[in-house]
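**Student:** How does the following fold in three dimensions:
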Amino acid sequence: MIKNSIELKHVFKKYQAPTSFFAPKKENPFVLQDINLKIAPGEFHIFLGRSGCGKSTLLNIIAGFLPKTSGQVLVNGHEVAAPGRDRGVVFQNADAAIFPWLTVYENVSYGLKMQHFSEKERTPIVNQSLKLVGLDQHANKYPYELSGGMKQRVQIARSISNDPDILILDEPFGALDAQTRRIMQDELIRIWQKTKKTILFVTHDIQEAAYLGQKISIFSPAPASNIYKTITVDYPYPRNVFSKDNEQLVTELNNYFPIGGR
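**Tutor:** Residues are numbered from 1 along each chain as shown. Okay, here's the model as predicted:
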């Protein structure tokens, strides 16, 4: 078993439409078709594609929130059957993911509390997680007192506090303004380099993919989406969006998306 590894073998996914007397059963196209991918331990891996192409669906299958239709999804050598502590998830909508009646500290502590960690056990873990994301001075604030970027830091800290092998992020910065988004991208790179965790990151933003990823898997358009190209990004961090390397990568990625939008 290789810790933090992910392997997808011939993964298919389709949703069955509801049927009735007036709407007879019909065959639905696959959302995902024959996905094959290996993600190495400690890798920062981007899922890039147009909106609606199945990126988030695949992420939810890996997280254990959705069942696949067929194929294999292996995390650390074991078949995924349900959500697990080895996979921490950060969603795009932080307002829906964190509890407004709990403080920052209590939100980050919540998962550990549900696992019956004592307060003495929880305290150093939560404090370390808050310090890692730069929220140690805001532990007693409530979500309504936080900016959008700070709310996303709460989500990340809550995931990290459970010490998952893998961090799964579904367009976590999509609702942020451009300046905050860049700050959060840099923060995520710093956290990844410090923790050495495997990261899966969904985006439809080519600039974001180029700035963050070690590897970028490009999805074909819906329906029946597939990963038709995985690019290895071989220039180091920290990255400069104005560098020649970054400009070349953005140009290369743009070539996979014809005019008409992503």
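
**Student:** With just CA atoms, put stretch 143-150 into PDB.
**Tutor:** Coordinates of each C-alpha in stretch 143-150 appear next as PDB, following Å, rounded to 0.1, in the frame of the first residue of the first chain:
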ATOM      1  CA  PRO A 143     -18.600  33.300  10.800                       C
ATOM      2  CA  TYR A 144     -20.500  36.500  10.300                       C
ATOM      3  CA  GLU A 145     -17.400  38.400  11.500                       C
ATOM      4  CA  LEU A 146     -15.200  36.800   8.800                       C
ATOM      5  CA  SER A 147     -14.400  37.600   5.200                       C
ATOM      6  CA  GLY A 148     -15.000  35.100   2.400                       C
ATOM      7  CA  GLY A 149     -11.300  34.100   2.400                       C
ATOM      8  CA  MET A 150     -11.200  33.600   6.200                       C
END
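
**Student:** next one: it to chain centre, how far?
**Tutor:** Distance, stretch centre to chain centre, for stretch 143-150: 20 Å (Cα atoms, centre = their mean, to the nearest Å).

**Student:** Name the residues of that stretch that are buried.
**Tutor:** With burial defined by 16 or more other Cβ atoms under 10 Å, the residues of stretch 143-150 counted as buried are Pro143, Leu146, Gly148, Gly149, Met150. Every C-beta, even on glycine, is put in place using the N, C-alpha and C of the backbone.

**Student:** Stretch 102-115 now?
**Tutor:** Buried, per 16+ other Cβ under 10 Å, within stretch 102-115: Thr103, Val104, Tyr105, Glu106, Asn107, Val108, Ser109, Tyr110, Gly111, Leu112.

**Student:** and what of stretch 6-14?
**Tutor:** Judged by neighbour count (16+ other Cβ under 10 Å), stretch 6-14 contains these buried residues: Ile6, Leu8, Val11, Lys13, Lys14.

**Student:** re earlier: how about CSV for the buried residues of stretch 143-150, with secondary structure and distance to Lys55 added?
**Tutor:** Converted to CSV, the buried residues of stretch 143-150 look like this (DSSP: H, G, I helix; E, B strand; the rest coil; distance: Cβ to Cβ, whole Å):
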residue, secondary structure, distance to Lys55
Pro143, helix, 27
Leu146, coil, 27
Gly148, helix, 22
Gly149, helix, 22
Met150, helix, 26
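
**Student:** Show me which pair in these is furthest apart.
**Tutor:** Pro143 and Gly149 (12.6 Å; Cβ to Cβ).

**Student:** Tabulate the buried residues of stretch 102-115 (JSON lines), appending pLDDT.
**Tutor:** Listed next are those as JSON lines, based on pLDDT from 0 to 100:
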{"residue": "Thr103", "pLDDT": "98"}
{"residue": "Val104", "pLDDT": "98"}
{"residue": "Tyr105", "pLDDT": "98"}
{"residue": "Glu106", "pLDDT": "97"}
{"residue": "Asn107", "pLDDT": "97"}
{"residue": "Val108", "pLDDT": "97"}
{"residue": "Ser109", "pLDDT": "97"}
{"residue": "Tyr110", "pLDDT": "95"}
{"residue": "Gly111", "pLDDT": "93"}
{"residue": "Leu112", "pLDDT": "95"}
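
**Student:** All the strands of the stretch 151-262 of the chain, residue numbers only.
**Tutor:** Ranges of strands within the stretch 151-262 of the chain are 166-170, 198-203, 215-219, 227-232, based on DSSP state E, counting those that start in this stretch.

**Student:** Fine by me, we can end here.
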